[in-house]
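K.L.:
no sequence on this one, just coordinates:
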DNA sequence: CGTGAAACGTACTAGCC
DNA sequence: GGCTAGTACGTTTCACG
């Protein structure tokens, strides 16, 4: 993985509809070797998938809520079940196990506050949680799926 | 926007490389009207963009840090500058203005703890912040760019 | 909204320098 | 890695019901 691969990844992270010939032009390759590189990046799993990003406003997903969860100390089996339940909810778009004070953090996406309330009720109905605290985002100032590529080793 | 549009969006959120003919088959349309619908969804901005999602592990973006920021009360001009500076960092993949206790929340992506430390130093070098608190994610259990579509009105 | 078909572009393959 | 050329496939457009 060299400088050219990084350039290719940068472009595809921005817009995956770009033609291979255009990528080639921009990175200074001809199309064949450029195409081969993209294939390799896909085979290796560096490129995980290609998806359509929807406008949250337009699909009624206007409100983001961060949910901090503290669980009681439980068996690994219980924790597995817990994660399984959470993951099911389509409103949960991100789910992390945290270090420190809070055990888990969710990013939840819903149309409005009442919908969040309904979601919350469905959640605590399904699993017993010691402590939940919800914080609302007033504004999404930045959201990108682009990973910083500056940390990649110069050659791999 | 009806049931068929929702089906189309659901498929494209999962995998944007799927051929129009295949989408048509799955939603029970023929390709032409299906293609027209996709065009419309793009024109209307419901589909915002199509991107490649990279594997965070493979691009050395292993560590997610949530950064809670409390600012001093400042002028709107200062806040504009503040947001402008934050947005510049490629490590900041999400950036929210919050309600309640914390003023801003960042999701920051870096290879490891030392890299986070370096990022943090560069950050506070650029802007004065009253109070910063960083929490590390131990594990990303779920991350999806798929918005829940169940909240869309039956017909729009 | 459906069908079928034509026109075009792009991806993909192959062969060679 | 570069080139050229050919095939296959997908998108896009059109005519028509």
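P.N.:
Looks like it came in fine. No experiment lies behind these values; they were computed from the predicted model shown.
K.L.:
Please list the residues outside the longest strand along chain A that contact it.
P.N.:
Secondary structure assigned by DSSP state E gives strand A:131-143 as the longest strand of chain A. Residues outside strand A:131-143 that contact it (CB atoms under 8 Å, 6 or more residues apart in numbering or on different chains): A:56, A:63-70, A:113, A:116, A:120, A:124, B:83, B:86-87, B:92-102, B:105. Every C-beta, even on glycine, is put in place using the N, C-alpha and C of the backbone.
K.L.:
How is chain A divided into domains?
P.N.:
For chain A, automatic domain parsing gives the domain ranges A:3-43, A:63-136.
K.L.:
could you redo the ones you listed as CSV and give each row mean pLDDT, distance to residue B:134 and mean neighbour count?
P.N.:
Shown next, in CSV, are those (pLDDT from 0 to 100; distance: least, CB to CB, whole Å; neighbours: other CB atoms under 10 Å in any protein chain shown):
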stretch, mean pLDDT, distance to residue B:134, mean neighbour count
domain A:3-43, 96, 25, 16
domain A:63-136, 95, 9, 16
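K.L.:
and the ones you listed as JSON lines, adding distance to DNA strand D?
P.N.:
Below are the domains of chain A laid out as JSON lines (distance: least, CB to the nearest atom of the strand, whole Å):
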{"stretch": "domain A:3-43", "distance to DNA strand D": "3"}
{"stretch": "domain A:63-136", "distance to DNA strand D": "25"}
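K.L.:
Pretty sure residue A:153 sits in a helix.
P.N.:
No - using DSSP: H, G, I helix; E, B strand; the rest coil, the assignment for residue A:153 is coil, not a helix.
K.L.:
ok, back up a step: generate a markdown table for the domains of chain A, with distance to residue B:37 as supplementary columns.
P.N.:
Putting those into a markdown table (distance: least, CB to CB, whole Å) gives the following:
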| stretch | distance to residue B:37 |
| --- | --- |
| domain A:3-43 | 18 |
| domain A:63-136 | 22 |
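K.L.:
wait, which of these is closest to residue B:149?
P.N.:
domain A:63-136 (7.9 Å; CB to CB).
K.L.:
In contact with residue A:62, which residues?
P.N.:
Contacts of residue A:62 by CB under 8 Å, 6+ apart are A:56, A:111-112.
K.L.:
Enumerate every residue touching residue A:67.
P.N.:
Contact analysis of residue A:67 by CB under 8 Å, 6+ apart lists A:105-108, A:132-135.
K.L.:
Tell me how far it lies from residue B:104.
P.N.:
In this view, residue A:67 and residue B:104 are 18 Å apart by CB to CB, to the nearest Å.
K.L.:
repeat for residue A:100
P.N.:
Relative to residue B:104, residue A:100 is positioned 19 Å away (CB to CB).
K.L.:
do residue A:52 as well
P.N.:
Residue A:52 sits 29 Å away from residue B:104, going by CB to CB.
K.L.:
Mind telling me which residue is nearest the centre of chain A?
P.N.:
With distances taken as CA atoms, centre = their mean, residue A:94 lies nearest the centre of chain A, 6.2 Å away.
K.L.:
bridging residues for that residue?
P.N.:
residue A:107, residue B:143 (DSSP bridges).
K.L.:
Okay, strands next: where are they in chain A?
P.N.:
In chain A, the strands defined using DSSP E lie at A:47-54, A:63-70, A:92-98, A:104-110, A:131-143.
K.L.:
would CSV of the ones you listed with distance to residue B:3 be doable?
P.N.:
Converted to CSV, these look like this (distance: least, CB to CB, whole Å):
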stretch, distance to residue B:3
strand A:47-54, 16
strand A:63-70, 24
strand A:92-98, 23
strand A:104-110, 21
strand A:131-143, 28
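K.L.:
just to revisit the earlier point, going by distance to residue B:145, which of the contacts of residue A:62 wins?
P.N.:
The nearest member of those to residue B:145, counting by CB to CB, is residue A:56 at 10.5 Å.
K.L.:
The closest one reaches residue B:146, doesn't it?
P.N.:
No - using CB atoms under 8 Å as the test, residue A:56 is too far from residue B:146 to be in contact (11.4 Å).
K.L.:
Do I have it right that residue A:150 meets residue B:90?
P.N.:
Yes - under the criterion of CB under 8 Å, residue A:150 makes contact with residue B:90 at 6.6 Å.
K.L.:
Alright, calling it a day.
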